[in-house]
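A.B. asks: structural data only, the sequence is not supplied:
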């Protein structure tokens with residue numbers, strides 16, 4: 001755990017809800033600045049990115065290449081319209097860089113380039129390679145005698161690609177317990193419903209069959225995500241020999257009512273009226289989530 005790791009109490013839950021809300025809003029604004037973006041899948045993955053970056057990962061904005069940092073791979077790299085805001089808000093890059101997201105001459109492309117963006121461990125975009133990269137990071141750490149966690153966010157649509165499952169076998173074969181795969185299981189992909197294009201369920205049972213410890217959670221519930229990531233870290237720290245898979249049941253476009261669970265919002269643009277709708281919906285969404293935290297904490 002990071003040195004500043006805190007117990008998960010109501011204050012911590014509310015802090016993370018506030019940060020996730022800020023990042024969802026910045027993702028909307030980045031989509032506006034860029035003219036378009038893969039906003040639906042960025043919103044479904046935002047809670048996971050929030051809790052990794054703002055609770056669990058060991059990072060240093062003043063030394064982004066420190067050897068024992070935790071690694072993060074956004075395998076579904078097209079969700080960069082949400083990942084760019086995470087990186088800037090954290091302090092690796094200035095938020096002003098998002099003002100020309102994906103425009104000519106911008107450092108921030110539709111898929112983030114680790115040679116241009118500080119704090120990015122690898123460039124992603126071509127789907128199916130993120131788990132392989134995490135396995136490589138983990139094996140490199142083993143060779144160097146350095147221990148760190150390696151987190152991957154992949155998507156259920158991306159798991160159509162066979163290379164993911166080759167990498168999963170590799171993680172299990174080499175007992176890479178510090179590899180944690182978080183599946184953004186939002187049931188949608190660019191062409192339609194995942195089940196209509198290429199069924200991937202039952203994902204928990206599949207990863208279990210590939211030699212993983214598995215856990216299934218509501219990917220839009222900070223408390224459940226926290227518990228699952230804690231279990232994954234404990235699995236490694238306590239001498240576990242299996243990698244960990246967290247299947248996050250999520251909602252495409254989470255928090256924006258007219259986008260939710262609609263594959264047509266895999267990619268899209270926002271005019272002034274739609275932007276206002278986004279913010280109005282996020283107001284209600286945040287209020288409902290705060291209410292849940294107040295009741296359940």
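C.D. replies: Arrived safely, thanks for sending. The structure displayed is predicted, hence computed values, not measured ones.

A.B. asks: pull the distance from stretch 280-297 to the chain's centre.
C.D. replies: 21 Å (C-alpha atoms, centre = their mean, to the nearest Å).

A.B. asks: ok, and what's touching it?
C.D. replies: The contact list for stretch 280-297, computed with C-beta atoms under 8 Å, 6 or more residues apart in numbering, reads 9-10, 13-14, 17, 21, 24-25, 28, 222-223, 254-258. Just so you know, the C-beta spots here come from the backbone N, C-alpha and C atoms, and that holds for glycine as well.

A.B. asks: how about the nearest residue to the residue nearest the centre of the chain, chain neighbours excluded?
C.D. replies: Nearest to the mean C-alpha position of the chain, by C-alpha atoms, centre = their mean, lies residue 49 at 4.1 Å. The shortest distance from residue 49 to any non-neighbouring residue, by C-beta to C-beta, 6 or more residues apart in numbering, is to residue 86 (5.0 Å).

A.B. asks: residues contacting that neighbour?
C.D. replies: Taking C-beta under 8 Å, 6+ apart, we find residue 86 in contact with 23, 49-50, 53.

A.B. asks: filter those residues down to the ones in strands?
C.D. replies: The strands, defined by DSSP state E, take in nothing from the contacts of residue 86.

A.B. asks: report whether the residue nearest to residue 49 is found in a helix, as I expect.
C.D. replies: Yes. With DSSP: H, G, I helix; E, B strand; the rest coil as the criterion, residue 86 is part of a helix.

A.B. asks: related to what we said a few turns ago, what's the closest of the contacts of residue 86 to residue 192?
C.D. replies: In terms of C-beta to C-beta, no member of the contacts of residue 86 lies closer to residue 192 than residue 49, at 25.1 Å.

A.B. asks: the helix or strand containing residue 133 - contacts with which helices or strands?
C.D. replies: Taking DSSP states H and E as the criterion, residue 133 maps to helix 130-144. Packing partners of helix 130-144 (3 or more C-beta pairs under 8 Å, 6 or more residues apart in numbering; DSSP states H and E): strand 71-74, strand 150-155, helix 162-173, strand 179-185.

A.B. asks: got the angle between the second one and strand 179-185?
C.D. replies: Meaning strand 150-155. Here the directions of strand 150-155 and strand 179-185 differ by 20 degrees (axes from the mean of the first three to the mean of the last three C-alpha atoms, to 10 degrees).

A.B. asks: sheet partners, orientation included, of strand 150-155?
C.D. replies: When sheet partners are counted by DSSP bridges, strand 150-155 sits next to strand 71-74 (parallel), strand 179-185 (parallel).

A.B. asks: contact partners of the first one?
C.D. replies: Strand 71-74 is contacted by residues 45, 49, 52-53, 57, 80, 83, 112, 121-122, 124, 130-131, 133-134, 137, 148-153 when judged by C-beta under 8 Å, 6+ apart.
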